[in-house]
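Peer 1: here is my input; please provide its structure:
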Amino acid sequence: MDQASPHTVASLAGELRALGVAPGDVFLVHSSMRSLGFVAGGVHAVVEALLSAVGAEGTVVVPTHTSEYTDPAGWQHPPVPESWWPVIRSETPGFDPARTPSRWVGVLPEVVRAWPGALRSAHPHVSCVALGARAPEITAEHDLGESHGERSPIGHVYRLGGKVLLLGCGHDASTSLHLAERRQPSPPMAETGAAIRDATGTSRWVTWTDLVIDEEDFPRIGTAFEDTGAVTVGTVGSATARLMDQRQLVDFAVDWMAHHRA
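Peer 2: Predicted coordinates for the structure are as follows:
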């Protein structure tokens, strides 16, 4: 470890402000805790720093995705036997925003999910948690068929003029680019499903049609967007951080995809 001293709530908040995070901001955070180096207080301190940077009128949004609630018919890493599919569909406890933990999105979203006052959207695959002044409107609407569309937290962050913070991770983690996919003319759609928990506490399997996502070219899109000068790159803790306007990012990606995707 070659840090001169531990990172702290105060030092991280100061670096976030220097990067361009301002009081009152709504920002969507994708993070890698490992990249930050040693932080006094660990992930708890990082959440405190994010909240300090945006202040009482700001809002922090994080993805709290639950890939194990997707249809097992599409699982590849690893796949499961086809004979298991009916059991998984019928016996998986229904997704519950208050109980179901996130997975594969890092430790920080889990801590935000459990933070007092945090609100979570109700999508069983790609929910988001918001903490702060605009949390109710960001999480209230999340239609099944709009996983990353207009009626989702990603769409609400767009309408609120929010920002995207990549904290120690790359553009491949940026869920906002899925909104650009959804805005393409006739985007690819497919049937999917999940176990959900209804108001009575009963679990049931439901199906719907949703966007088929493709993240393969996200790093290329991110690099091209950075080349426009629209991304502020700096250091937060020991991590490389990237801050950008979400509307500019999504609008750029819509045009990029239209010209580069078949």
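
Peer 1: R197: neighbour count?
Peer 2: The tally of other residues near R197 (other Cβ atoms under 10 Å) stands at 19. C-beta coordinates here come from the backbone N, C-alpha and C atoms, glycine included.

Peer 1: need phi/psi at it.
Peer 2: Its backbone dihedrals place R197 at phi -110, psi 120, with angles given as degrees, to the nearest 10.

Peer 1: how about the contacts made by it?
Peer 2: 93-96, 203 (Cβ atoms under 8 Å, 6 or more residues apart in numbering).

Peer 1: can you flag the buried ones in those?
Peer 2: Judged by neighbour count, with 16 or more other Cβ atoms under 10 Å as the criterion, the buried members of these are 94-95.

Peer 1: which of the contacts of R197 sits closest to L28?
Peer 2: Proximity of the contacts of R197 to L28, judged by Cβ to Cβ, is greatest for F95, which lies at 21.0 Å.

Peer 1: and the gap between the closest one and S102?
Peer 2: Taking Cβ to Cβ, to the nearest Å as the criterion, F95 is separated from S102 by 11 Å.

Peer 1: next, show the common contact partners of these two.
Peer 2: With contacts taken as Cβ under 8 Å, 6+ apart, the residues that reach both F95 and S102 are 66, 127.

Peer 1: which stretches in the stretch 51-200 of the chain count as strands?
Peer 2: Along the stretch 51-200 of the chain, counting by DSSP state E, counting those that start in this stretch, strands occupy 59-63, 119-120, 128-132, 163-167, 189-197.

Peer 1: strands paired with the fourth one, and their directions?
Peer 2: Taking DSSP bridges as the criterion, strand 163-167 pairs within the sheet with strand 26-31 (parallel), strand 239-245 (antiparallel).

Peer 1: before we move on, the earlier item: figure out which of the strands of the stretch 51-200 of the chain is closest to G149.
Peer 2: Short answer: strand 189-197, nearest of the strands of the stretch 51-200 of the chain by Cβ to Cβ, at 10.9 Å.
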